[in-house]
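>>> Mind folding the following:
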Amino acid sequence: MSNAIARVSATPAALAFLDELRQRHGALMFFQSGGCCDGSAPMCYPAGEFALGDADVCLGSLDGVPFYMGSEQFAYWEHTQLIIDVVAGNGGMFSLDNGTGKRFLTRSRLFSDAECELLRTQPPRRHGG
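The predicted model follows:
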């Protein structure tokens, strides 16, 4: 789909860090855990290690790594593109970035009116459906 708009993207630094984690841990997944604004921490898990619910939505993938969020939280974020970055610090307690000296960080940008209109035709898919 050539007109598809990415709901989630990543900086080159985040993609490089993601590759390091994938080499150590194998297949991965993300879940945007809490937070409603820039600075929130997405959690990175081994694929299948986080139990997804039927209401969770997949916003897309980062270099083949699926990125999920709860549908209620998506209602707050639906007008923004999530941009995953990496910064110095400690990751979440159960996230694979914990203890590495780096952590994933969510940044965002508002979609334009035209992008929002197009996104209405491209709803994210629900995990259970």
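>>> out of all of them, which helix in this protein is the longest?
As assigned by DSSP state H, the longest helix anywhere in the chain is helix 12-25.
>>> Run through who's touching the following helix or strand past that one.
Using DSSP states H and E, the helix or strand that follows helix 12-25 in sequence is strand 28-32. Contacts with strand 28-32, where a contact means C-beta atoms under 8 Å, 6 or more residues apart in numbering, come from 18, 21-22, 40, 42-50, 52, 56, 59, 62, 65-70, 73, 77, 82, 84, 96, 104, 106. The way it works is simple: take the backbone N, C-alpha and C, and place the C-beta from them, glycine included.
>>> Okay, now the sheet partners of the helix or strand just after strand 28-32, with direction.
The helix or strand immediately downstream of strand 28-32 is strand 42-46, counting by DSSP H and E. Strand pairing for strand 42-46, using DSSP bridges, gives strand 28-32 (antiparallel).
>>> relative to helix 12-25, how tilted is the strand it pairs with?
Here the directions of strand 28-32 and helix 12-25 differ by 130 degrees (axes from the mean of the first three to the mean of the last three C-alpha atoms, to 10 degrees).
>>> Glu72 is in what secondary structure piece?
Assigned by DSSP H and E, Glu72 belongs to helix 71-77.
>>> Let's test this: mean pLDDT of that helix, rounded?
Averaging pLDDT along helix 71-77 gives 88.
>>> what's around Gln122, how many residues?
By other C-beta atoms under 10 Å, 12 other residues sit near Gln122.
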